[in-house]
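Asks: Give me a 3D structure for the following:
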Amino acid sequence: AVMVRCASSASAPPPALRAYPRYAAGGADAEDAHRTMTAAGYPAGSEFLWPYHHQYYWDLTQRIYREELDPGFDGATEAGTPFCAPGTPACDADYAYAERPDEVRGAVAKIALTGRIGKPLISFHGTLDVLLPISRTSDTYARMVRKEGRGALHRYYRVEGGTHVDSLVDTFPERLRPLVPCHRSAAAALERWLDDGRRPPSSRTLKLPAKATPAERLARCPLDR
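Replies: Here you go, the predicted model:
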C-alpha cells in the first residue's frame with residue numbers, strides 16, 4: 001500500500017515507569033531521574049508533558065503491548081499489574097526485553113519494520129512526542145530506509161513542537177503544534193507525488209512558527225519550511 005506514515009513504532013516505557021516517579025518526587029534523586037528519562041529518549045523540554053503521559057499512557061502502553069508479544073512474563077495475569085512498584089514480582093516497570101527468551105524476539109521480528117519500502121511513503125513525527133520518542137522511533141526508521149537504499153521513496157518531516165495526541169494542544173496552546181494540518185499537507189503531497197510525479201519537498205524539520213497564533217498553527221503545516 002502507498003501511505004502517509006505517522007509514528008507507529010513501539011516505544012520502551014519501562015525506564016520512564018521507573019524514573020518518572022523519582023523525578024516527580026523531587027529531592028536529591030530528581031536530577032539523576034531526569035538524566036534517565038532523557039537517556040531513554042524523552043526530550044529535554046518535554047517535561048511539561050510527562051505527568052499526563054505517566055498517568056494515562058506509559059503504563060497502559062507497556063502492559064498491553066508486552067502482553068501481546070510476551071504473555072509469559074507475568075504468568076496467568078492478564079497484561080500485568082497497573083502502576084506496580086519496581087522490584088515487585090513480574091512488574092512491567094522492570095521489563096528487560098534483552099533478557100527475555102528467543103521466542104519473544106521471534107514474536108517481535110514478525111511485526112518489525114525493515115525499511116525495505118517499495119512504494120512512496122511520507123513520515124512525519126512530532127519532536128515532543130513522549131509516548132513514542134522521536135529519537136528512538138522515526139529517526140531510527142528513516143535511517144533504516146536509507147540503509148536499505150530506499151531513500152528516494154521516502155520523505156520524513158520532523159514537526160517541531162508536535163506531540164503524540166493533538167488533544168493536548170488545547171491544554172498547551174502556546175507550547176504545542178497540532179499535527180492535523182500536517183496530516184492534510186502530507187496526504188496532499190502524496191497525491192501529487194503519485195498522480196503528477198511532483199516530488200514532495202526534501203526531508204526536513206518543520207520549525208515551529210514562533211509568531212503564529214494557535215489558530216494559524218491549526219490552519220497550516222507547509223512541508224517546504
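Asks: burial of residue 87, as a residue count?
Replies: As a burial measure, residue 87 scores 9 neighbours (other Cβ atoms under 10 Å). For every residue, glycine as well, the C-beta is placed using N, CA and C.
Asks: Now the phi/psi pair for it, please.
Replies: Phi and psi for residue 87, reported as degrees, to the nearest 10, are phi 100, psi -10.
Asks: Tell me which helix or strand the residue nearest the centre of the chain sits in.
Replies: With distances taken as Cα atoms, centre = their mean, residue 132 lies nearest the centre of the chain, 2.0 Å away. Assigned by DSSP states H and E, residue 132 falls within no helix or strand.
Asks: I'd guessed it sits against residue 164; true?
Replies: Yes - if you go by Cβ atoms under 8 Å, residue 132 and residue 164 touch, sitting 6.4 Å apart.
Asks: Tell me where the protein has helices.
Replies: 14-25, 30-39, 50-56, 58-69, 102-111, 138-147, 180-196, 214-219 (DSSP state H).
Asks: right, so of these, which gets closest to residue 118?
Replies: helix 138-147 (11.2 Å; Cβ to Cβ).
Asks: Can you list the buried residues in that closest one?
Replies: 138, 141-142, 144-145 (16 or more other Cβ atoms under 10 Å).
Asks: Tell me where the model's unsure across this structure.
Replies: 1-12 (pLDDT under 70).
Asks: domain ranges for it?
Replies: Following the assignment in the TED database, the chain carries domains at 13-111, 121-219.
Asks: which residue of this structure sits farthest from its center?
Replies: Distance from the centre of the chain peaks at residue 196, with 31.5 Å (Cα atoms, centre = their mean).
Asks: quick one: it from residue 202, how far?
Replies: 18 Å (Cβ to Cβ, to the nearest Å).
Asks: Next: residue 136.
Replies: Distance from residue 136 to residue 202, by Cβ to Cβ: 23 Å.
Asks: So between the two, which is more surrounded?
Replies: Each of residue 136 and residue 202 has its neighbours counted (other Cβ under 10 Å); residue 136 has more, 17 against 10.
Asks: how deep is the nearest residue to that one once chain neighbours are set aside tucked in, by neighbour count?
Replies: Using Cβ to Cβ, 6 or more residues apart in numbering and skipping residues adjacent in sequence, the residue nearest residue 136 is residue 41, 4.0 Å away. The number of residues packed near residue 41 is 20, by other Cβ under 10 Å.
Asks: Kindly report the same for residue 225.
Replies: Other residues close to residue 225 by other Cβ under 10 Å number 11.
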